[in-house]
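Asks: I'd like to go over a predicted model; first the sequence, then the structure.
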Amino acid sequence: MGRAAVYDGKHVVQTQSYGAEARGSAAKSEVVISDEPIKFPLVRKCDILVVMSQTALDKHLDNLKANGALLVDKDMVADVPESKARIFRVPATSMAEAEFKRRIYANAVMLGALTKATRIISRKAMENAIRDSIPEEMLRENLRGFQLGLQLARAP
Amino acid sequence: MKIELESKAVLSGQHFLNGDVACAEGALAVGCRFFAGYPITPATEIAERMARRLPQVDGVYMQMEDEIGSIAAVLGASYAGVKSMTATSGPGFSLMLENIGLAIMTETPCVVVNIMRGGPSTGQPTMPGQQDVMQARWGSHGDYEIIALAPSSVQEMFDLTIEAFNLSETYRVPTFVLADEIVGHMWERVNIPSAKAIQVVNRKKPENPPSEYAPFKPDEDLVPPMASFGEGYRFHATGLTHDENGRPRTDSAEVQQRLVQRLCEKIRRNADKIVKVERILLEDAEVAVVAYGIASRAALSAVRKARAQGIKAGLLRLVTVWPFPDKQIEKIAQKVKALVVPEMNYGQIVREVRRVAKETPVVFMSKLGEEPHKPAEILDALRRL
């Protein structure tokens, strides 16, 4: 998404945090997109929150602005608390499993849903960013997952 | 992560890169053709990038057994005439310090990148810190001066790595890029200029014939011209105190005095040329923040917010951390009623600021762990001054 924002001519900073474990720890990515140069690079209150697990939702929901957009992978998140946010329940994991038999592509589906739901980044830029970011051997699945996601997201 | 790789050193154009990768690209753009390293979070991506890119530009990447071997190989390659670099984090930097002392004593140009994480010891590998700034200055034994630069953006990871090489080649001194985990790992837009637009400084070579070459005889700028091994200039480089011909002189007070003095003075006397700071809204400032690296990003945001609230705040951002910008800070300390110093450590650069600020009060804001200073916290400190 950060790369796509650059393609759309925006200023962008992407940061991430993850644990020392090789796998299985919580991972978080933050993206700040702006028409102006970005001073502080981290997200304080977010406009959009995308969560791929219940733990992530429980931990980060407080950081979402009152009228923000919340995208949840509904296969991984059972309990979405009452909130004023616009909620998008995306069957990202089940869609990835049905289509590719691999849940690893759930994030590509989610990226499509995010693009459609928020319209922050153009679809073309996002597609180009996927092409420039994903290794050849997984590109087809990622693009397909992205397309599926684009068709999924609807306002509640 | 697929990144466009081309068989050229300068990838001119607009990119979306993380700080570590931008650092590697800066090194390649300024002519670095040797990297020896040992992976360590959060600096591994530099080694990874160099391992892929160096072979494309006829350079050499060496995977070493540890950090001691890494810095040793870097010194050897530099003496063979190749611009050389390694990258590490706190634990690896600790291991390198003995041979960094050798680089100082033998006046070997080299760049050491330290992407600082939380310490002491193995500390918090994936979390940011600014805890090695004093170690960079004083970590090796003996008296010496080094140069250290503190990037605060991905663009600066590119720009200041170039600058680090140029300074290292100019003064024949190890030069450090002291970044933190956030700056190393964050992704931003980076503009890589055309090869022509990049300023490249190469070390001075001897102009006299090999028979007359004295390897440690300085010019007026206190820096000796440097021959590369294999060029026909036979000489000895040693960690022992040595005379201008490179011969060990372990019993001469005069030689020791002259050498140590020169190693320090070649940097001190040129401090005005070396030191870079960024001055933001300082002309009429009544309070000011002194910050570097990641903390300076929050400081900038805080200063702008303070201005919007009618507080005359300014920011002095240290691009060069060593040699310390004494004059620049002194000038501001004399004008403002107080200074704020936010750092991701338990109090390091603030000691230098206090030394220079003398009577002007200095408020220190410590931060340890994952979260850097928030703009609101610095704003709050400015409001309370």
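Replies: Here it is on my side, so go on.

Asks: Starting from whatever helix or strand residue B:290 lives in, tell me the next helix or strand along the chain.
Replies: For residue B:290, the element it lies in under DSSP states H and E is strand B:287-291. On the C-terminal side of strand B:287-291, the closest following helix or strand by DSSP H and E is helix B:294-308.

Asks: model confidence over the following helix or strand past that following helix, on average?
Replies: Next in sequence after helix B:294-308, counting helices and strands by DSSP H and E, comes strand B:313-318. Across strand B:313-318, the average pLDDT comes to 98.

Asks: pLDDT below threshold where in the chain?
Replies: The chain I'm using is chain A. Applying pLDDT under 70 to chain A flags residues A:153-156.

Asks: um, chain B though
Replies: For chain B, applying pLDDT under 70 flags the ranges B:1-7.

Asks: what does chain A have sitting close to chain B?
Replies: By Cβ under 8 Å from any Cβ of the partner chain, the residues of chain A that approach chain B are A:2-3, A:6, A:11-20, A:38-42, A:44, A:132-136. All C-beta spots, glycine's among them, are computed from the backbone N, C-alpha and C.

Asks: and if we set it to 6 Å?
Replies: A:2, A:3, A:6, A:13, A:14, A:15, A:18, A:20, A:39, A:40, A:41, A:135 (Cβ under 6 Å from any Cβ of the partner chain).

Asks: Can you pick out the most distant pair from those residues?
Replies: Greatest spacing in the residues of chain A next to chain B, by Cβ to Cβ: A:39 and A:135 (34.1 Å).

Asks: if we can go back for a sec, Produce a ChimeraX select command limited to the buried residues of the residues of chain A next to chain B.
Replies: Applying 16 or more other Cβ atoms under 10 Å in any protein chain shown to the residues of chain A next to chain B leaves a buried subset, and the ChimeraX line that selects it is:
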select /A:2,3,6,13,14,15,39,40,41
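
Asks: The residues of chain A next to chain B into a markdown table, with extra columns for secondary structure?
Replies: Compiled in a markdown table, those are given as follows (DSSP: H, G, I helix; E, B strand; the rest coil):
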| residue | secondary structure |
| --- | --- |
| A:2 | helix |
| A:3 | helix |
| A:6 | helix |
| A:13 | strand |
| A:14 | strand |
| A:15 | strand |
| A:18 | strand |
| A:20 | coil |
| A:39 | coil |
| A:40 | coil |
| A:41 | coil |
| A:135 | coil |
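
Asks: So which bits of the lengthiest helix in chain A are buried?
Replies: Using DSSP state H, we find that the single longest helix of chain A is helix A:136-152. Neighbour counts over helix A:136-152 (16+ other Cβ under 10 Å) mark A:138, A:141, A:142, A:143, A:144, A:145, A:146, A:148, A:149, A:150, A:152 as buried.

Asks: Out of the residues you listed, which is nearest to residue B:121?
Replies: Of all these, residue B:121 sits closest to residue A:138, with 38.2 Å by Cβ to Cβ.

Asks: ok, that closest one to residue A:107 distance?
Replies: Remark: distance between residue A:138 and residue A:107 (Cβ to Cβ, to the nearest Å) = 11 Å.

Asks: Report the closest residue of the stretch 151-300 of chain B relative to chain A.
Replies: Scanning the stretch 151-300 of chain B for proximity to chain A using Cβ to the nearest Cβ identifies residue B:187 as nearest, at 4.0 Å.

Asks: okay, now that residue: neighbour count?
Replies: Look at residue B:187: counted by other Cβ atoms under 10 Å in any protein chain shown, it has 24 neighbours.

Asks: Report the beta-bridge partners for it.
Replies: Legend: beta-bridge partners of residue B:187 under DSSP bridges are residue A:14, residue B:18.

Asks: got it, and residue B:289?
Replies: residue B:315, residue B:340.

Asks: What residues does it make contact with?
Replies: By Cβ atoms under 6 Å, 6 or more residues apart in numbering or on different chains, the residues touching residue B:289 are B:299, B:315, B:340.

Asks: ok, how many other residues are close to the last one?
Replies: This points to residue B:340. There are 29 residues near residue B:340, going by other Cβ under 10 Å.

Asks: My guess is it contacts residue B:381. True?
Replies: Yes - counting by Cβ atoms under 6 Å, residue B:340 does reach residue B:381; the two are 4.9 Å apart.

Asks: which residues do the two both contact?
Replies: Common contact partners of residue B:340 and residue B:381 (Cβ under 6 Å, 6+ apart): residue B:363.

Asks: Which stretches in chain B count as helices?
Replies: B:19-30, B:44-53, B:67-79, B:90-105, B:133-138, B:154-171, B:181-185, B:253-268, B:271-274, B:294-308, B:326-335, B:349-357, B:375-383.

Asks: List just the one of those helices that sits closest to residue A:68.
Replies: For the helices of chain B, the distance to residue A:68 is smallest for helix B:375-383, at 19.3 Å, taking Cβ to Cβ.

Asks: what helices or strands is the closest one leaning on?
Replies: Helix B:375-383 is packed against helix B:294-308, with contacts defined by 3 or more Cβ pairs under 6 Å, 6 or more residues apart in numbering or on different chains; DSSP states H and E.

Asks: Could you check the helix it packs on against chain A for contacts?
Replies: Yes - using Cβ under 6 Å from any Cβ, helix B:294-308 reaches chain A at B:297, B:298, B:300, B:301.

Asks: Throw those into a markdown table and include distance to residue B:46 and neighbour count, thanks.
Replies: Shown next, in a markdown table, are those (distance: Cβ to Cβ, whole Å; neighbours: other Cβ atoms under 10 Å in any protein chain shown):
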| residue | distance to residue B:46 | neighbour count |
| --- | --- | --- |
| B:297 | 21 | 25 |
| B:298 | 25 | 26 |
| B:300 | 26 | 23 |
| B:301 | 28 | 21 |
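
Asks: just the CA coordinates of the longest strand anywhere in chain A, formatted as PDB?
Replies: What stands out as the longest strand in chain A, according to DSSP state E, is strand A:64-73. Only the C-alpha atoms of strand A:64-73 are listed here, as PDB (Å, rounded to 0.1, in the frame of the first residue of the first chain):
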ATOM      1  CA  LEU A  64      -9.200   3.800  15.700                       C
ATOM      2  CA  LYS A  65     -10.900   7.200  15.400                       C
ATOM      3  CA  ALA A  66     -14.500   7.300  16.300                       C
ATOM      4  CA  ASN A  67     -15.700   7.500  12.700                       C
ATOM      5  CA  GLY A  68     -13.000   5.500  11.200                       C
ATOM      6  CA  ALA A  69     -13.200   2.400   9.000                       C
ATOM      7  CA  LEU A  70     -12.600  -1.000  10.400                       C
ATOM      8  CA  LEU A  71     -11.900  -4.000   8.200                       C
ATOM      9  CA  VAL A  72     -11.900  -7.300   9.900                       C
ATOM     10  CA  ASP A  73     -11.100 -10.800   8.500                       C
END
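
Asks: list the buried ones in that strand?
Replies: Buried residues in strand A:64-73 (16+ other Cβ under 10 Å): A:64, A:68, A:69, A:70, A:71, A:72, A:73.
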